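Novice: this one's structure only:
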């Protein structure tokens, strides 16, 4: 191999199988890369451009890092920190993000790539889903930028699409009995529990009989688990829950089962029952919103509702805390009663004050008065005689 040609101790170039390579130090790390030329002068110019970027403070990132490597950083970070959404994120990365963007070199991701991804996904999913996926991509670039030395020189901008209004579906009380009557027998308990406590479908289907404590009137949950959404510690047993829990046959370790097998999918039966009950399009997840609304109307503190339903943040809870026309009318009635009470007290006070001012003043005959009827103070009274004063 020919001797290296150094430039003022800042780096060097050398031949390797007929191609010129450069050798320099960046951030205390020795770097070697091909100059992609067989001409010495072009290799020197390449090295000078690299050193110029270092002098200007620009990081030189590895050319071989691809976006799939950044996604692996993201999943490793979620796994170490025990993020509840780590499992869902791994599914999105494996089935959606890596096939679409994984092979692109990280330092070559452009706005055109992102826009093309948005256009393809917009044909099959809603804007909110695209925002969540781009959020994973943005977080992956942030982790790559935070590495020492950094794997990427910048964090690209991720556009945020306008999202629609959150779904406001819920089950009215009059439809509750109709749907309960037409559901298959193995789904009635599942429906009743979801309607009363608003647990997620995944958390419901994992409940076992050993978690049910009828004496304490509660179901003990597993709580927060890694790679899953958080669950409450316990939920109360009340209303129709007790009746249907006592009626449910114990043919499996899971309380929601078809014979000895745990229920996993019931979409066909659910859709058919909703059609018969007159609530087509009702989602099973709408029962979660219904439970939040019913518990709030019952006067349960919102912090307690969040513990029962497993909501971690106030923002997400507000998306489920649906206010409909009935709530607005009730608010109007409550405000009217309050104002009527307040105005009634104020009116009585004004009336009493007006009456007291309107009453004629009664003269006290025992008080000394002058010829004009004015009260005489003690300085205007005549001196008493000695006999009267006792002197």
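Specialist: Yep, that arrived. Since the structure is predicted, the reported quantities are computational estimates derived from the model, not experimental observations.
Novice: what pairs with the longest strand belonging to the chain, parallel or antiparallel?
Specialist: The longest strand of the chain (DSSP state E) is strand 19-26. According to DSSP bridges, strand 19-26 has the following sheet partners: strand 11-16 (antiparallel), strand 29-34 (antiparallel).
Novice: what's the closest of those strands to residue 177?
Specialist: Of all those, the one in closest proximity to residue 177, counting by C-beta to C-beta, is strand 29-34 (70.1 Å). All C-beta atoms are positioned from the backbone trio N, CA, C, and that covers glycine.
Novice: circling back to that earlier point, what does the longest strand of the chain rub up against?
Specialist: Taking contacts as C-beta atoms under 8 Å, 6 or more residues apart in numbering, the residues outside strand 19-26 that touch it are 4, 10-15, 30-40, 42-43, 46-47, 50-51, 54, 59-60, 149.
Novice: filter those residues down to the buried ones and hand me the ChimeraX line.
Specialist: In ChimeraX, the members of the contacts of strand 19-26 classed as buried (16 or more other C-beta atoms under 10 Å) are selected with the following command:
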select :11,12,13,14,15,31,33,35,43,46,47,50,51,54,59,60
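Novice: check which helix or strand residue 187 maps to.
Specialist: With the criterion set as DSSP states H and E, the secondary-structure element containing residue 187 is helix 185-197.
Novice: give the other helices and strands that the next helix or strand after that helix contacts.
Specialist: Per DSSP H and E, helix 185-197 leads on to helix 201-205 as the next helix or strand towards the C-terminus. Judged by 3 or more C-beta pairs under 8 Å, 6 or more residues apart in numbering; DSSP states H and E, the packing partners of helix 201-205 are helix 185-197.
Novice: averaged pLDDT, the helix it packs on. What do you get?
Specialist: Per-residue pLDDT over helix 185-197 has a mean of 94.
Novice: list the contacts of it.
Specialist: So helix 185-197 is in contact with 171, 176, 179-180, 183, 199, 201, 204-205, 235-236, 238-241, 244-245, 247-248, 255-258, 263, 266, 269-270, 273, 284, 287-288, 290-291, 308-309, going by C-beta under 8 Å, 6+ apart.
Novice: name only those of those residues that count as buried.
Specialist: Neighbour counting over the contacts of helix 185-197 (16+ other C-beta under 10 Å) leaves 171, 176, 179-180, 183, 199, 201, 204-205, 235-236, 240-241, 244-245, 248, 255-257, 263, 266, 270, 273, 284, 287-288, 290-291, 308-309 as the buried ones.
Novice: ranges for the strands of this protein?
Specialist: Assigned strands in the chain, in chain order: 5-6, 11-16, 19-26, 29-34, 212-213, 218-220, 234-236, 257-258, 261-262 (criterion: DSSP E).
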